[in-house]
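Student: Provide a 3D model corresponding to the input given below.
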Amino acid sequence: MSLVSLVAAIVILIMLAIKINKINPEYSTLLSIGACLLIIFFVIGKLTNIFGYIDRITALINIDVIYIEIILKMVGIAYVCEFASNICKDAGYGAVASQIELAGKVSMLALGIPVLMSVIDLITALLGGA
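Tutor: Predicted coordinates for the structure are as follows:
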């Protein structure tokens, strides 16, 4: 599916959701979720290319794959939390959306601590060796 056809399908779904919202808001929310899922499936299809390039980059430079995995996990957490948060906001559950965002931030912080510790270890090794 090309980006143009995806955008056309999303616009049609959203216009239908706006029309249905006056009659039955629950179905409107379901159409909105369906549109978001279409976008997610499109993005997942594109991720295979991105992972291929990341593999090539890690093969060319001497970097530990664990750091790249951590960065990709953080990006994934951000996207998933934003997706879930926006759906909750659209459904009228702003408090739940805020808690999802908080959970995402804490999860990313927990993932980033090992990277921070390795940087601190490197700094102390450099200062200790001077």
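
Student: mind checking which helix or strand Ile33 is in?
Tutor: Per DSSP states H and E, Ile33 falls inside helix 25-60.

Student: tell me which residues in that helix are buried?
Tutor: Residues of helix 25-60 classed as buried: Ser28, Thr29, Leu31, Ser32, Ala35, Cys36, Phe42, Ile54 (neighbour count, 16 or more other Cβ atoms under 10 Å). Glycine gets a C-beta too; all of them are placed from N, C-alpha and C.

Student: List the buried residues for the helix or strand Lys105 falls within?
Tutor: Assessed by DSSP H and E, Lys105 sits inside helix 94-129. Burial within helix 94-129, assessed by neighbour count using 16+ other Cβ under 10 Å, is assigned to Ala97, Ile100, Glu101, Gly104, Ser107, Met108.

Student: roughly how far apart are the third one and Asn86?
Tutor: Glu101 is 10 Å from Asn86, where distance means Cβ to Cβ, to the nearest Å.

Student: Then the fourth one?
Tutor: Applying Cβ to Cβ, the value for Gly104 to Asn86 is 12 Å.

Student: where does this protein dip in pLDDT?
Tutor: Counting by pLDDT under 70, the chain contains low-confidence residues at 129-130.

Student: How about residues contacting stretch 109-122?
Tutor: Contacts with stretch 109-122, where a contact means Cβ atoms under 8 Å, 6 or more residues apart in numbering, come from Tyr67, Ile70, Lys73, Met74, Ile77.

Student: Which ones among the residues you listed lie within strands?
Tutor: Secondary structure from DSSP state E places none of those in strands.

Student: So how do I select the buried members of those residues in PyMOL?
Tutor: Selection of the buried residues among those in PyMOL, burial being defined by 16+ other Cβ under 10 Å:
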select buried, resi 70+74+77
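
Student: farthest pair in the contacts of stretch 109-122?
Tutor: Greatest spatial distance among the contacts of stretch 109-122 (Cβ to Cβ): Tyr67 and Ile77, at 15.7 Å.

Student: Gly104 contacts Val80, correct?
Tutor: Yes - contact status for Gly104 versus Val80: in contact at 7.4 Å, counting by Cβ atoms under 8 Å.
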